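1. let me see the structure of the following:
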Amino acid sequence: MKICLIDAGIFIEKPELLKPLEAAGDVQVFDGIPASLEEVVERAGDAEIIAFALMQFTNEMLDNLPKLKTLQFIGTGVWNFVDVEYAESKGIKVLNIDGYGSNAVAEYAVAMTMALAKKITRADQVIKDQNWTIDGLQGIEIAGSTVGVVGTGSIGKLVAEKFFALGAKVIACDLYENTQLKEKYGVEYISMEEIFMRSDIITLHMKATKENENIVDRKLLEITKKGALLINVARAELVNTEDLYKALLAGSLGGAAIDVYDSEPPKPKDYLLGKLQNVIATPHMAYYTQEASDNSIKMAVSSILASL
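-> Numbers count the residues shown, from 1 in each chain. Down below sits the predicted model:
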């Protein structure tokens, strides 16, 4: 049985984590996203099991992998990377892992907020340009700010706790209220509209679904508290990128920190956000820590073995 880790080499710093998988079949590991359909077939054309972490798996790719029986995503939200219904119609089992990097993503959301609120990246550029000025670099403090957490699942809950520890007032929005956040930290659950009207910092931690696609749009941004900061380390589909760009350009939104994009790798239009001074943009790496990488490989290996 051939098992192909088609693009996940970058996450495997401890080869010993693959030993249980190697006992089950012939394991091949590749690094980097395949540049073409031909390269996908070259790497995994005869594989029964494919594990992937970075690439978008198109229906055309699935059509050209006749031996494929199991498709394991080394991450969360596989439906954003493959047409699950189509894959299953071809008899391909699609697997997903959850919770491997919750703390990594939560820490990153806080770090992005700090960098944006304190204008750290802009200040760094001032020194790199051999200037010495603090003009336009005044920041805001997290303590005493109101932080709106949209989505309080495993990641959102951790984010809320970390901001509470920094002295922020935390409010939240979720269909399913977290009892611990309410009782231990006094988190108030309110509507999405109220979150945007009341928050100094808004951080998104929802799963992307058809129902909440572009939920952050012009109408919501128009009622947002002036100068608020928006953090998105969740899914790009939650935000209408064009509406966000216009709000940032107009200055009604104070800034944004973005780690997810409509297309990954981004198309030229997606880079426009990152060119704005009040935006910090990074290449979808909130989950990328040594600890989370090891967890993801362990969990993916266990998931594959459990499916055999």
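2. look up how far A115 lies from the closest residue to V126 other than its chain neighbours.
-> Among residues not flanking V126 along the chain, T133 sits closest, at 6.3 Å (C-beta to C-beta, 6 or more residues apart in numbering). C-beta coordinates here come from the backbone N, C-alpha and C atoms, glycine included. For T133, the distance to A115 (C-beta to C-beta, to the nearest Å) stands at 19 Å.
3. and those two? Which one has more around it.
-> More neighbours surround A115 than the other of T133 and A115, with 19 against 10 (other C-beta atoms under 10 Å).
4. tell me the mean pLDDT over the helix or strand hosting that one?
-> Element membership for A115, per DSSP states H and E: helix 102-117. For helix 102-117, mean pLDDT is 98.
5. stretch 233-247 now?
-> 95.
6. that one: which residues count as buried?
-> By neighbour count with 16 or more other C-beta atoms under 10 Å, stretch 233-247 contains the buried residues 233-241, 243-245, 247.
7. just give me how far it sits from the chain centre.
-> 13 Å (C-alpha atoms, centre = their mean, to the nearest Å).
8. pull the residues that contact it.
-> For stretch 233-247, contacts defined as C-beta atoms under 8 Å, 6 or more residues apart in numbering pick out 77, 80, 105, 108-109, 112, 151, 155, 203-208, 212-218, 221-222, 224, 230, 232, 253, 256-262, 269-270, 272-273, 276, 286.
9. can you flag which of those belong to strands?
-> 203-204, 230, 232, 256-258 (DSSP state E).
10. mind checking the SS state of E141?
-> coil (DSSP: H, G, I helix; E, B strand; the rest coil).
11. tell me how far the nearest residue to it once chain neighbours are set aside lies from E22.
-> Nearest non-adjacent residue to E141, counting by C-beta to C-beta, 6+ apart: A117, 7.6 Å away. Per C-beta to C-beta, A117 is found 46 Å from E22.
12. same thing with F30?
-> Distance of F30 to E22, given as C-beta to C-beta: 16 Å.
13. same check, this time on V147
-> 45 Å.
14. likewise for P265?
-> Counting by C-beta to C-beta, the gap from P265 to E22 is 31 Å.
15. OK, contacts around the most far-flung residue of the chain relative to its centre?
-> Centroid-distance maximum for the chain: W132 at 35.0 Å, with C-alpha atoms, centre = their mean. Residues in contact with W132 (C-beta under 8 Å, 6+ apart) are V126.
16. can you show me the helices along the stretch 101-250 of the chain?
-> Applying DSSP state H, counting those that start in this stretch to the stretch 101-250 of the chain gives helices spanning 102-117, 120-128, 154-165, 179-185, 192-198, 218-222, 241-250.
17. now those helices in a markdown table, with distance to E85?
-> Formatted as a markdown table, the helices of the stretch 101-250 of the chain follow (distance: least, C-beta to C-beta, whole Å):
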| stretch | distance to E85 |
| --- | --- |
| helix 102-117 | 27 |
| helix 120-128 | 41 |
| helix 154-165 | 25 |
| helix 179-185 | 34 |
| helix 192-198 | 28 |
| helix 218-222 | 30 |
| helix 241-250 | 26 |
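18. list the buried residues in the helix holding A115.
-> Those buried within helix 102-117 under the rule 16+ other C-beta under 10 Å are 102-113, 115-117.
19. which one of those is nearest S199?
-> T113 (11.5 Å; C-beta to C-beta).
20. kindly provide the distance from the closest one to P266.
-> According to C-beta to C-beta, T113 and P266 sit 22 Å apart.
21. ditto for K19
-> On the measure of C-beta to C-beta, K19 and P266 end up 36 Å apart.
22. try D243
-> Here the criterion is C-beta to C-beta. By it, D243 lies 17 Å from P266.
23. before we move on, back to that, distance to I297 added to the buried residues of stretch 233-247, as TSV?
-> Converted to TSV, the buried residues of stretch 233-247 look like this (distance: C-beta to C-beta, whole Å):
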residue	distance to I297
V233	21
A234	23
R235	23
A236	25
E237	27
L238	28
V239	30
N240	35
T241	32
D243	38
L244	34
Y245	36
A247	39
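24. still on that earlier bit, surely the residue nearest to E141 meets L229?
-> Yes. Between A117 and L229 a contact is recorded at 6.4 Å, counting by C-beta atoms under 8 Å.
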